[in-house]
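Undergrad: show me the folded form of this:
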Amino acid sequence: MDIKYLFGRGAEQVRRVAENVLPKRFNPIALNLKFYGYELARSLAATLPIREQREAQKVGLACKPSTQADLESDWAAHWCAELKIPVIFHRKVWELVYVLQALHDADLIREGARGLGFGCGREPIASYLASRGIRSTITDLPTGDARRAQWSRNNQHTTERDHAYFNHLVPYSVFDELVEFQPVDMNFIPEHLEGYDFCWSICAFEHLGSIERGLIFVERAMRVLKPGGLAIHTTEFNFLDDKRTLSYGATVLFQRQHFETLAERLVGAGHSVAPLDFNVGSKPLDRFIDMPPYPLSYTEEMKRQFGEEAFHLKLMIGNRPCTCFGLIVTRGSL
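TA: Purely as a prediction, here's the structure:
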């Protein structure tokens, strides 16, 4: 099936930030590297074994970056099969399977559980959870927010609940019963959102205006959970530059120090944080760092040459190599 719906909000923000540093003419060396990097990713995906094991397994995920090894794993293959998408080497696919595996590790993919998604955009998580009998509240920017118009122009904002409906995952009658939409600014989480078994966000809290706002969001989001509830978030990780980063603006880039500081703050507040693992991998696709232009900026000729899908785990945002980083936090008994 077409999986372009995976490459939503975060990809558009990456495109806009990247275009600020693009030269007027594309560098042919960069385009050649991009082409062969994508071809390598396609070839490696084609050689992945067909898994016979269909049952989900517990793996005990850490807070960690996306890696080639993760997407080669049995657990990633399982969740791709559940989402009815092929296993491809793309960081957005990693984010989806990371969230679902973290939920499974905590025994939260079960009928009757309740989840809250922040900044959901057009992602399939709520539809899949509904297929498993799980109630979800999905959220995005409220009407009247200037940022909403910006996202809506790119079809990445959940202006209506049905934008999160994927008919290949669940019948509409089930989705209609189990999924609700509420407008929420992630900088100001309403107090009435509480008592959830879990919450999640995918490539969202780096868009709140600053590094500190992102950290504060993760802390405040713990309030929506019941004691023992689980929070899973993914965001951008500036993994090669410990000194400089993008600290303010439409997209910020977190560094190791920020995740370590956040973990200390969460533990200090009585929560439990999964072990921090900053190993970005050493396989070929862990060392392939994609660069602009990205598919949302392709000319028609580039679409014919490269296709309309990206294949990467690492990429340049501004002048800094980045990848996705996942966080798993359990609420304490407060």
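Undergrad: just the strands in the stretch 51-200 of the chain please.
TA: For the stretch 51-200 of the chain, the strands defined by DSSP state E, counting those that start in this stretch occupy 64-65, 114-118, 135-140, 179-183, 196-202.
Undergrad: can you list the residues that contact the shortest one?
TA: Translated: strand 64-65. Residues outside strand 64-65 that contact it (Cβ atoms under 8 Å, 6 or more residues apart in numbering) are 237, 239, 276, 277, 278, 279, 280, 281, 323, 324, 325, 326. C-betas here are computed from N, CA, C, even on glycine.
Undergrad: excluding sequence neighbours, find me the nearest residue to the first one.
TA: To tie it back to what came earlier, the one meant is residue 237. residue 325 (3.7 Å; Cβ to Cβ, 6 or more residues apart in numbering).
Undergrad: please settle this for me: is that neighbour part of a strand?
TA: Yes - counting by DSSP: H, G, I helix; E, B strand; the rest coil, residue 325 is found in a strand.
Undergrad: which residues does stretch 107-114 contact?
TA: So stretch 107-114 is contacted by 56, 100, 103, 115, 129, 132-137, 195-198, 230 (Cβ under 8 Å, 6+ apart).
Undergrad: quick check: the two most widely separated of these?
TA: With Cβ to Cβ as the measure, no two of these lie farther apart than 56 and 195, at 25.8 Å.
Undergrad: so residue 116 touches residue 224, yeah?
TA: Yes - the pair residue 116 and residue 224 passes the contact test of Cβ atoms under 8 Å, sitting 5.4 Å apart.
Undergrad: those two: who's more crowded?
TA: Ranked by neighbour count (other Cβ atoms under 10 Å), residue 116 and residue 224 place residue 116 first, with 27 against 24.
Undergrad: residue ranges with poor pLDDT in the protein?
TA: 1-26, 53, 143-160, 334 (pLDDT under 70).
Undergrad: need the residue closest to the centroid of it.
TA: Taking Cα atoms, centre = their mean, the centroid of the chain lies closest to residue 202, which sits 3.2 Å from it.
Undergrad: surely residue 250 touches residue 207?
TA: Yes - the criterion here is Cβ under 8 Å, and residue 250 meets it with residue 207 at 6.3 Å.
Undergrad: between these two, who's got more neighbours?
TA: More neighbours surround residue 207 than the other of residue 250 and residue 207, with 21 against 15 (other Cβ under 10 Å).
Undergrad: how far away is the more buried one from residue 320?
TA: 16 Å (Cβ to Cβ, to the nearest Å).
Undergrad: roughly how far does the residue nearest to residue 100 when sequence neighbours are not counted sit from residue 110?
TA: Among residues not flanking residue 100 along the chain, residue 79 sits closest, at 4.5 Å (Cβ to Cβ, 6+ apart). Here the criterion is Cβ to Cβ. By it, residue 79 lies 16 Å from residue 110.
Undergrad: neighbour count winner among those two?
TA: Comparing residue 79 with residue 110 by neighbour count (other Cβ under 10 Å), the higher total belongs to residue 79, at 23 against 12.
Undergrad: distance of the more buried one relative to residue 266?
TA: To residue 266, residue 79 is 26 Å away according to Cβ to Cβ.
Undergrad: now do residue 122
TA: 29 Å.
Undergrad: off-centre distance for stretch 278-288?
TA: Its chain's C-alpha centre and that of stretch 278-288 lie 18 Å apart, by Cα atoms, centre = their mean, to the nearest Å.
Undergrad: got a list of contacts for it?
TA: For stretch 278-288, contacts defined as Cβ under 8 Å, 6+ apart pick out 37, 40-41, 44, 64-65, 67-69, 89, 237, 239, 256, 259, 312-314, 323.
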